[in-house]
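# My questions concern the predicted model and sequence given below.
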Amino acid sequence: MNAVAGGGTFITVPALIVTGTPPIAANMTSTVALWPGSIASTGAYRRELAVQKRSTLFFLLGTSCIGGILGAILLTRTSQATFVVLLPYLLLLATVLFTFSPRITALLRLQTAHKAETGPSWVTLLGISLAQFVIALYGGYFGGGIGILMLATLAFMGMDNIHMMNGVKTLLTACINGAGIIVFIFAGLIVWPLAILMVIGTIIGGYGGAYYARKLDQRWVRWFVIMVGFSMTTYFFYRAFVLHA
C-alpha cells in the first residue's frame, strides 16, 4: 500500500491491536516496522534532494526532529485509555486527508505556482518551519496522513515538481519517525518480535509494491486504501464508545 498509494498505517496499527498488542505499543511498533521503507525511499530520491537548498532543508529537518521527539514523548505520557479514545479520531483525520489529498495538492500547487520562480522568502520559510514543527509533533504522536500535510506546506513554498516534493517529504518523514523511534526505544514499549517480523514484510511488500505499481491502476488501489481507512475508523469508534461504554 505504501509503495503504490500510501496508507499502510491503516493496516499495521489495527492489525497489531486486534492481535492483542496494547494501542500505544502498537502505534510505536508500527512506526518502527515502517521506518526502513522511508529510509529506502529517501535513498531513491537522492537526486531530487541533491538540488535542494541546504538552508531550506536545515530548517525543515531541524523542526522535524524536534517535533518528532516531542510528539513521541507526548505519546509515552498518554494513558492507554486516552489513546483508545483518540485513535478513531486520528484514523478519521488521516483517512479524510488521504481521500482528498489529490484535490488539496492540486489546488495548493495552482494557488502557489507564482512562488516557484522566486522561491520562498525568509518570512515564508519561518512560517513553513513552524507548520512543519506542528506536523512533526503530530507525526511523532501518530503519523497517519502527515504526507499530504507536508505536501501542502511544500506547495506553499512554491514547489511544483511532484518528484521534488515527494523527495523532501520522504526525507522529513524518515527524520520524524527516526526521532520518534529513539524515544520509543527508551520507553521500552516496542514489541520487538512483531516489529522485526513486520520489517521483513515491509521490505518484501515495498519491493513487490514498487514492481507491481506499474501494472496496477492506482485509482483502484487508492479506493481500496480509502475503504480500509474508513472501515478501521468505524471499527475503532465502535470499540472505543460502544464496547467500552
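Here it is on my side, so go on. Numbering: from 1, shown residues only.
# who's in contact with stretch 166-183?
28, 31-32, 34-35, 38-39, 41-42, 45, 48-49, 52, 57, 60-61, 64-69, 71-73, 75-76, 132, 135-136, 139-140, 143, 146-147, 150-151, 154, 159 (CB atoms under 8 Å, 6 or more residues apart in numbering). The C-beta positions use only the backbone N, C-alpha and C, and glycine is treated the same way.
# Tell me how many other residues crowd residue 126.
The local packing of residue 126 (other CB atoms under 10 Å) involves 12 other residues.
# Check what pLDDT it gets.
At residue 126 the predicted local confidence, pLDDT, stands at 79.
# Thought residue 133 was touching residue 149, still the case?
No: using CB atoms under 8 Å as the test, residue 149 is too far from residue 133 to be in contact (11.8 Å).
# The residue lying closest to residue 16 once chain neighbours are set aside: what's it in contact with?
In this structure, residue 16 finds its nearest non-sequential neighbour in residue 26, 3.6 Å apart by CB to CB, 6 or more residues apart in numbering. Residues near residue 26 by CB under 8 Å, 6+ apart: 13, 16, 17, 191.
# and if you look at residue 72?
By CB under 8 Å, 6+ apart, the residues touching residue 72 are 140, 141, 179, 180, 181, 182, 183, 184.
# top of those residues by neighbour count?
residue 180 (31 neighbours).
# Please report how far that residue lies from residue 138.
11 Å (CB to CB, to the nearest Å).
# so what sits against both of the two?
Listed as contacting both residue 180 and residue 138 by CB under 8 Å, 6+ apart are residue 71.
# shaky segments in this protein?
Applying pLDDT under 70 to the chain picks out residues 2-6, 105, 108-124, 160, 162, 208-216, 218, 243-245.
# Based on its surroundings, how many neighbours for residue 96?
Neighbours around residue 96, by other CB under 10 Å: 16.
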